[in-house]
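Visitor: Model the following, please.
(one chain, ligands or ions: 1)
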Amino acid sequence: MSDSTAKFKPNLVIHGGAGVLQRDKLPPPLYEKHRASLQSYLRSTHALLKDGASALDAAVHAVSLLEDDELFNCGRGSVFTSAGTIEMEASVMVTSVQDPDDSRPGELKKAAAVINVRNVRHPIQLARESLLRTGCTPDGQPRADGGSMHPQLAGPHVESLARDWDLEFMPDEWFWTQRRWDEHRRGLEGKDEPFSLSQGTVGCVCLDQWGNLAVATSTGGKTNKMPGRVGDTPTPGAGFWAEAWDVFSPEEVVLCDEACSATAQAGVSTSGVGCLGSCLSQLKRQCRKRVASITGARPRTRDDPPAYSPRPTEVSAGSVLKLLSDGQTQSSFARRSHRRAIALSGTGDGDAFLRIAAAHSVASLCRLQNLPLARSVQSVAGLHGALQRSAGARWGITGEGEGGFIGIEISTAVPAAGSGSSSSVGRVELETEKGPLYCGQVVLDFNCGGMWRAWIEPGPNGEDVERIMVFREEYK
Ligand SMILES: NC(=O)C[C@H](N)C(=O)O
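Guide: Coordinates of the predicted model:
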């Protein structure tokens, strides 16, 4: 179900960069500064959300604060290119677990990113303006807002749009910091870093009370990147993504021919077998064999970890096959049972995120294999995940493939009566007189030394608990 009476508990998660963070290079005063900054931005953004701010406005608020904070690699305190310049990138993306509605702010364009931006104080606000200014109305009429439907805009042109849209500019000195300059010089000379500065991008994912999700991400990029390099942060599907979809339960029958059933066979479900009855097990065996022969993969077993690979899976959101006497299959697709939505922001070696379309890979695992967001993120950005594997023999040597994701998943699935209070994804926390209160699931994972992160989670009595971490274990 998905309707306008549904209520959602606002939540958020922030990251402040992932990478080669080491305990012995993170002395307590430097740790405390990061922790205090993250805590302050977490609190003010959570307060905004609880006051009724939209997910987009709240996420942009959090990232604007991070852009002004020289501890983080974005806005003021951005890293330098090999030429000693600062070239910033930022992006926003929105979706909603409620029914699609192009009149919702940002929904028409969905994503906007700005590339190689200089001197704009808050690149994230430029991305937000670009998202909201579309140059046309939801029904396709021209709109004189100075915008366009382009999801990505770069360089001097987007800076002139920032002037047209009255965004704030700052001189080079505002962005320049001694620590980043020293890091740049040491990098050019091939010297080691004495301290664990925040390496990466910053990002924030918010869920608002209407079931909207927004992700905002901002970065100075990689230290000593080539001028003109474009990273994952402004590239949809690489460093960020947001998506919502309907989940079906099997009821209505659609005829499939042999060709399309080859794909569908990878999604045989054990749920809602109905008229398929006893032929299902036999069909599943046939399907596994046939898909294995098509893909060259061995049949998947229940013990296999989820993987971003062409392996077939047994679990899919509500598709069922029926073998007909003439050898065709019927694929049974269902009426919508609920909606799922996810949003995620990445940080780390953006070149690797680009090479494997990391954020969209996560979304595909959620949507096509019906995995919870946590499992999908683990599969791509966790230890031994797709990002790590993509580095091959260079893993642990060059920093290739290192990084992490934060995200929120929300679902309108209602647990079956007597099944307790949680569904597999997007828990329902409270049953109120006005209906269920849906709660998002915060997700975080990384494959490297650490990732600065802050989020809200439910305490033992359902109260909101602030969490701020950098390593896998608590900082001591
Ligand atoms: N330093 C970083 O990893 C920032 C960002 N992910 C990039 O590669 O541009």
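Visitor: for the ligand, what are the nearby residues on the chain?
Guide: Near the ligand, the residues belonging to the chain are 73, 199-201, 219, 221-222, 231-233, 239, 347-350 when assessed by Cβ under 6 Å from any ligand atom. C-beta: built from backbone N, CA, C; applies to glycine.
Visitor: Have a look at those and tell me the least confident one.
Guide: Among these, Gln199 carries the lowest pLDDT, at 66.
Visitor: who touches Thr221 in this structure?
Guide: Not quite, residue 221 is Gly, not Thr. Applying Cβ atoms under 8 Å, 6 or more residues apart in numbering to Gly221 gives the contacts 73, 78-79, 81, 87-89, 229, 231, 233, 350.
Visitor: Please identify, among those residues, the one with the most neighbours.
Guide: Thr233 (32 neighbours; other Cβ atoms under 10 Å).
Visitor: so how far is Gly348 from it?
Guide: The span separating Thr233 from Gly348 equals 11 Å under the rule Cβ to Cβ, to the nearest Å.
Visitor: Please apply the same query to Asn116.
Guide: For Asn116, the distance to Gly348 (Cβ to Cβ) stands at 20 Å.
Visitor: Of the two, which one has the most company?
Guide: A direct count of neighbours by other Cβ under 10 Å for Asn116 and Gly348 places Gly348 higher, at 31 against 22.
Visitor: Thought Gly385 was touching that one, still the case?
Guide: No. Here Gly348 lies out of contact with Gly385, judged by Cβ atoms under 8 Å, at a distance of 11.6 Å.
Visitor: Any idea what Val120 is bridged to?
Guide: Beta-bridge pairing of Val120 under DSSP bridges involves Phe169.
Visitor: ok, it touching Leu167?
Guide: Yes. In this structure, Val120 sits in contact with Leu167. The criterion is Cβ under 8 Å, and the distance is 5.9 Å.
Visitor: For these two, list the residues in contact with both.
Guide: Each of Leu126 lies in contact with both Val120 and Leu167 under the rule Cβ under 8 Å, 6+ apart.
Visitor: between these two, which one's more packed in?
Guide: Neighbour totals were compared for Val120 and Leu167, and Val120 leads with 25 against 17 (other Cβ under 10 Å).
Visitor: Could you break this protein into its assigned domains?
Guide: What automatic domain parsing lists as the domains of the chain is 8-247+344-469, 250-301+313-334.
Visitor: low-scoring pLDDT stretches of the stretch 251-400 of the chain, where are they?
Guide: Along the stretch 251-400 of the chain, segments meeting pLDDT under 70 span 251-334.
Visitor: Enumerate every residue touching the one residue in it that gets nearest to the ligand.
Guide: Closest residue of the stretch 251-400 of the chain to the ligand, Cβ to the nearest ligand atom: Gly350 (2.2 Å). Taking Cβ under 8 Å, 6+ apart, we find Gly350 in contact with 201, 219, 221-222, 231-233, 238-239, 403.
Visitor: Strands - which of those land there?
Guide: Among the contacts of Gly350, the members found in strands (DSSP state E) are 219, 403.
Visitor: Please report which of the contacts of Gly350 has the highest neighbour count.
Guide: Neighbour counts for the contacts of Gly350 were taken using other Cβ under 10 Å; the highest belongs to Thr201, which has 36 neighbours.
Visitor: Who are the contact partners of it?
Guide: For Thr201, the residues meeting the contact criterion (Cβ under 8 Å, 6+ apart) are 15, 17, 73-74, 217-219, 233, 239, 345-348, 350.
Visitor: any chance of the residues you listed in JSON lines, with secondary structure too?
Guide: As requested, the contacts of Thr201 are arranged in JSON lines below (DSSP: H, G, I helix; E, B strand; the rest coil):
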{"residue": "His15", "secondary structure": "strand"}
{"residue": "Gly17", "secondary structure": "strand"}
{"residue": "Asn73", "secondary structure": "coil"}
{"residue": "Cys74", "secondary structure": "coil"}
{"residue": "Thr217", "secondary structure": "strand"}
{"residue": "Ser218", "secondary structure": "strand"}
{"residue": "Thr219", "secondary structure": "strand"}
{"residue": "Thr233", "secondary structure": "coil"}
{"residue": "Gly239", "secondary structure": "coil"}
{"residue": "Ser345", "secondary structure": "strand"}
{"residue": "Gly346", "secondary structure": "strand"}
{"residue": "Thr347", "secondary structure": "strand"}
{"residue": "Gly348", "secondary structure": "strand"}
{"residue": "Gly350", "secondary structure": "helix"}
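Visitor: Please report phi then psi for Val63.
Guide: Backbone dihedrals for Val63, given as degrees, to the nearest 10, come out at phi -70, psi -30.
Visitor: Helices of the stretch 51-200 of the chain, residue ranges please.
Guide: Under the criterion DSSP state H, counting those that start in this stretch, the stretch 51-200 of the chain contains helices at 55-68, 123-132, 155-164, 172-175, 178-189.
Visitor: What's the first helix or strand after the last one?
Guide: Counting by DSSP states H and E, the next helix or strand C-terminal to helix 178-189 is strand 202-207.
Visitor: What strands flank that next one, and is each parallel or antiparallel?
Guide: Next to strand 202-207 in the sheet, as set by DSSP bridges, lie strand 11-19 (antiparallel), strand 212-219 (antiparallel).
Visitor: Which of the ones you listed comes out lowest on mean pLDDT?
Guide: Among those, strand 11-19 scores lowest, at a mean of 94.
Visitor: so what's the nearest residue to Ser40 once chain neighbours are set aside up against?
Guide: Nearest-residue entry for Ser40: Leu65, 7.7 Å, with adjacent residues in sequence omitted and distances by Cβ to Cβ, 6 or more residues apart in numbering. Remark: with contacts taken as Cβ under 8 Å, 6+ apart, Leu65 is in contact with 40-41, 44.
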